[in-house]
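Engineer: Need coordinates for the below:
(one chain, ligands or ions: 1)
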Amino acid sequence: MSDVTIHNLERRREFWSVHSAAACQGATVPIDHHIDPAWFYDRDVLEIGPGEGRQTRILKGMAANYAVADICQEVLDRFPNLATMLLSGYEPRTCPFVDTVTFWYVLHHVTRSEGLQFLKFVHSCLHPVESSLIVFNSCRRSGGAGDDGMITTERSDREIRELLEEAGFCLKHYLKSQSGQLHDLYVASLRISHG
Ligand SMILES: C[S@@+](CC[C@H](N)C(=O)[O-])C[C@H]1O[C@@H](n2cnc3c(N)ncnc32)[C@H](O)[C@@H]1O
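Structural biologist: Model prediction:
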């Protein structure tokens, strides 16, 4: 199996076609951290895993252009007025096209063995300049939901920082959730080597 393949892809697609509605998001909440509009304002933005669009609704008005990517076509079908990208793997793109990539309550659905490849894919979507950003939250939740193939992966703050470093990002901003351990906020820029 190629290391850019998504584990259990068909079962995951099936799961999210039913469970990505806001009502299925349990204890998670739409962005409750301080969002700096500068991370999105007048930028070309890609959101991965928009679900029902809780974050999309808040962010897309700030952006110059807004696109959504997901492993599930039914999720993308909710956004007929946006550019969409169906993900079948995390093959790095040869053509960067955005200034900001954002994803909310998604990283814990990327398996441990796929985390680095996922972030390298994110990296490849971003213009290779220091001002390019990723903005995302973590969700400290692990386990499975029965036999539907939806094993989730809990990553510690240290593990997320190591992944960012390895994928070529430089952490710029971190906000620990005050309302529980569910969702810390990370903002990182591309690490560009000078000289
Ligand atoms: C928990 S929902 C979060 C939805 C939305 N961001 C929100 O906060 O309401 C996870 C979203 O990520 C997508 N997703 C799940 N696993 C993924 C993966 N491995 N790679 C990319 N997207 C994934 C799902 O289809 C769904 O849209």
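Engineer: in this structure, which residue is closest to the centre?
Structural biologist: The residue lying closest to the centre of the chain (Cα atoms, centre = their mean) is residue 103, at 2.7 Å.
Engineer: neighbours of the nearest residue to that one once chain neighbours are set aside, just the number please.
Structural biologist: Spatially, and ignoring its direct neighbours in sequence, residue 103 is nearest to residue 48 (4.1 Å; Cβ to Cβ, 6 or more residues apart in numbering). Every residue, glycine included, has its C-beta placed from N, CA and C. Other residues near residue 48 come to 24 when the count uses other Cβ atoms under 10 Å.
Engineer: swap in residue 29?
Structural biologist: 17.
Engineer: any idea which element it lies in?
Structural biologist: Under DSSP states H and E, no helix or strand contains residue 29.
Engineer: quick revisit: show the contacting residues for the residue nearest to the centre of the chain.
Structural biologist: 47-49, 122, 134, 136 (Cβ atoms under 8 Å, 6 or more residues apart in numbering).
Engineer: picking that back up, wait, what's in contact with the residue nearest to residue 103?
Structural biologist: So residue 48 contacts 68-70, 87, 101-103, 106, 122 (Cβ under 8 Å, 6+ apart).
Engineer: Please read off the pLDDT at the residue nearest to the centre of the chain from the model.
Structural biologist: Listed pLDDT for residue 103 reads 97.
Engineer: distance of it from residue 69?
Structural biologist: Distance, residue 103 to residue 69, by Cβ to Cβ, to the nearest Å: 9 Å.
Engineer: any residues in contact with both of the two?
Structural biologist: With Cβ under 8 Å, 6+ apart, residue 103 and residue 69 have common neighbours 47-49.
Engineer: Just give the closest residue to residue 121, not the sequence neighbours.
Structural biologist: residue 90 (3.8 Å).
Engineer: I'd guessed that neighbour sits against residue 113; true?
Structural biologist: No - counting by Cβ atoms under 8 Å, residue 90 does not reach residue 113; the two are 11.3 Å apart.
Engineer: neighbour-wise, which of the two wins?
Structural biologist: Between residue 90 and residue 113, counted using other Cβ under 10 Å, the more crowded position is residue 90 (22 against 10).
Engineer: so what's the more buried one up against?
Structural biologist: Contacts of residue 90 (Cβ under 8 Å, 6+ apart): 4, 6, 114, 117-118, 120-121.
Engineer: what about 7 Å?
Structural biologist: 4, 114, 117-118, 121 (Cβ atoms under 7 Å, 6 or more residues apart in numbering).
Engineer: can you check residue 163 too?
Structural biologist: So residue 163 contacts 115-116, 119 (Cβ under 7 Å, 6+ apart).
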